[in-house]
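> Based on what follows, work out the 3D shape:
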Amino acid sequence: MRPRSAFLATLLFLSSLCIAPPAFSQGCAMCSSYVAASSKAGQKAVNKGVLLLLLPAAGFMSVGVAMAYRYSRKRDLEQG
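Predicted coordinates:
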């Protein structure tokens with residue numbers, strides 16, 4: 001897979017996560033009851049907080065996958 005198509009596939013996957021149906025956002029009972037009882041501004045704040053906590057983890061995972069892919073390509077070129 002070329003780097004550009006890999007980037008587009010990753011971008012498509014991440015954008016599909018942003019528009020996931022509400023069924024995927026069902027967490028623990030305390031969190032969902034807290035969000036349901038809060039105002040619209042509170043719900044937006046919790047959603048932004050979850051996204052803020054997700055970004056570093058997704059970034060580290062993306063870097064790890066990119067490094068593994070790059071290493072495997074380099075290894076394959078050296079062997080072949």
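> now the helices for the protein?
Here the chain has its helices, by DSSP state H, at 3-18, 29-37, 40-79.
> Serialize those to CSV and add fields for mean neighbour count.
Placement of C-beta: from N, CA and C, glycine included. What follows is the helices of the chain, written out as CSV (neighbours: other C-beta atoms under 10 Å):
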stretch, mean neighbour count
helix 3-18, 10
helix 29-37, 11
helix 40-79, 10
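> Make a markdown table out of these and add mean pLDDT.
A markdown table is the format used below for those (pLDDT from 0 to 100):
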| stretch | mean pLDDT |
| --- | --- |
| helix 3-18 | 81 |
| helix 29-37 | 79 |
| helix 40-79 | 88 |
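> Nearest spatial neighbour of the residue nearest in space to the middle of the chain, chain-adjacent residues omitted?
Note on the chain: the residue nearest the mean C-alpha position is A58, at 4.8 Å, using C-alpha atoms, centre = their mean. Excluding the flanking residues, the one nearest A58 by C-beta to C-beta, 6 or more residues apart in numbering is L14, at 7.5 Å.
> roughly how far apart are that neighbour and L77?
Distance of L14 to L77, computed by C-beta to C-beta, to the nearest Å: 29 Å.
> V35: what's it in contact with?
The neighbours of V35, taking C-beta atoms under 8 Å, 6 or more residues apart in numbering as the test, are G42, Q43, V46.
> List just the nearest of those residues to T10.
V46 (26.3 Å; C-beta to C-beta).
> mind giving me the domain split of this protein?
Residue ranges for the domains of the chain, per the TED database: 1-33, 38-79.
> S38 - how many residues pack around it?
13 (other C-beta atoms under 10 Å).
> list the contacts for the closest residue to it other than its chain neighbours?
Of all residues not flanking S38 in the chain, V46 sits nearest, at 7.2 Å (C-beta to C-beta, 6+ apart). By C-beta under 8 Å, 6+ apart, the contact set of V46 is C31, Y34, V35, S38.
> Tell me the spacing between V46 and A37.
From V46 over to A37 (counting by C-beta to C-beta), the distance is 11 Å.
> just L17 next, same as before
In terms of C-beta to C-beta, L17 sits 26 Å off from A37.
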